[in-house]
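Novice: Let's see this in three dimensions:
(one chain, ligands or ions: 3)
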Amino acid sequence: MSPTPKSPTRTLLIAALAAAPLALPASAEAKPRGDRTIAAVDTDSDGTVDLAEAKAAAGAVFDRLEKDADGTLDTKELQGRVSRKDMKQADPDNDGTLTKDEYLALVEARFKLADPDNDGTLDAKEMRSPAGKALARLLK
Ligand SMILES: [Ca+2]
Ligand SMILES: [Ca+2]
Ligand SMILES: [Ca+2]
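Specialist: Numbering: from 1, shown residues only. Ligands and ions are numbered 1, 2, ... in the order given. This next block holds a predicted model:
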């Protein structure tokens with residue numbers, strides 16, 4: 001019986017924290033966010049969103065989300081587009097669903113909130129405001 005020598009061979013791995021993190025070119029995320037929504041919704045290409053454009057986009061979104069064809073959007077179909085608080089406001093009969101009219105009324109209410117200068121159009125800056133972003137969620 002040969003006694004096995006207790007020689008803990010320690011392999012020291014020099015954890016070379018390889019290469020300093022490469023600096024990524026700061027090109028992404030540079031664009032203002034409202035612009036993409038405007039580009040998608042602005043059918044007359046005047047660089048702003050008016051209420052008719054917002055409602056047209058919202059109507060298309062409604063039809064797209066309305067999967068079970070019961071004429072309303074429930075919270076599942078809305079996929080987080082409408083907060084619980086907004087839902088309360090937008091759903092006067094409180095049945096947890098929105099008809100297209102209710103959805104468009106919510107769009108209109110948000111549009112007005114997002115248009116503090118009251119000129120009937122939302123420019124890129126207005127679309128970037130919290131109210132503009134809330135509106136944008138209903139349009140895509
Ligand atoms: Ca427009
Ligand atoms: Ca439905
Ligand atoms: Ca405006």
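Novice: any residues touching the lowest-mean-pLDDT helix or strand in the chain, and which ones?
Specialist: Across the helices and strands of the chain, the lowest-confidence element by mean pLDDT, DSSP states H and E is helix 34-41, at a mean of 86. For helix 34-41, the external contacting residues (Cβ atoms under 8 Å, 6 or more residues apart in numbering) are 47-49, 53-54, 56-57, 122, 124-128, 132-133, 136, 139-140. For glycine as for every other residue, the C-beta is placed from the backbone atoms N, C-alpha and C.
Novice: Contact residues of this structure facing ligand 1?
Specialist: Taking Cβ under 5 Å from the ion as the measure of proximity, the chain contacts ligand 1 at 42, 44, 46.
Novice: Would you mark the buried spots in the helix or strand residue 104 falls within?
Specialist: Using DSSP states H and E, the secondary-structure element containing residue 104 is helix 100-113. Within helix 100-113, the residues that qualify as buried are 102-107, 109-111, counting by 16 or more other Cβ atoms under 10 Å.
Novice: How far away from the center of its chain is that helix?
Specialist: 17 Å (Cα atoms, centre = their mean, to the nearest Å).
Novice: so where do the helices sit in this protein?
Specialist: 34-41, 51-65, 75-78, 84-90, 100-113, 124-128, 130-138 (DSSP state H).
Novice: can you list those helices in JSON lines and add distance to ligand 2?
Specialist: Rendered in JSON lines, the data for the helices of the chain read as follows (distance: least, Cβ to the ion, whole Å):
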{"stretch": "helix 34-41", "distance to ligand 2": "23"}
{"stretch": "helix 51-65", "distance to ligand 2": "8"}
{"stretch": "helix 75-78", "distance to ligand 2": "5"}
{"stretch": "helix 84-90", "distance to ligand 2": "14"}
{"stretch": "helix 100-113", "distance to ligand 2": "11"}
{"stretch": "helix 124-128", "distance to ligand 2": "28"}
{"stretch": "helix 130-138", "distance to ligand 2": "16"}
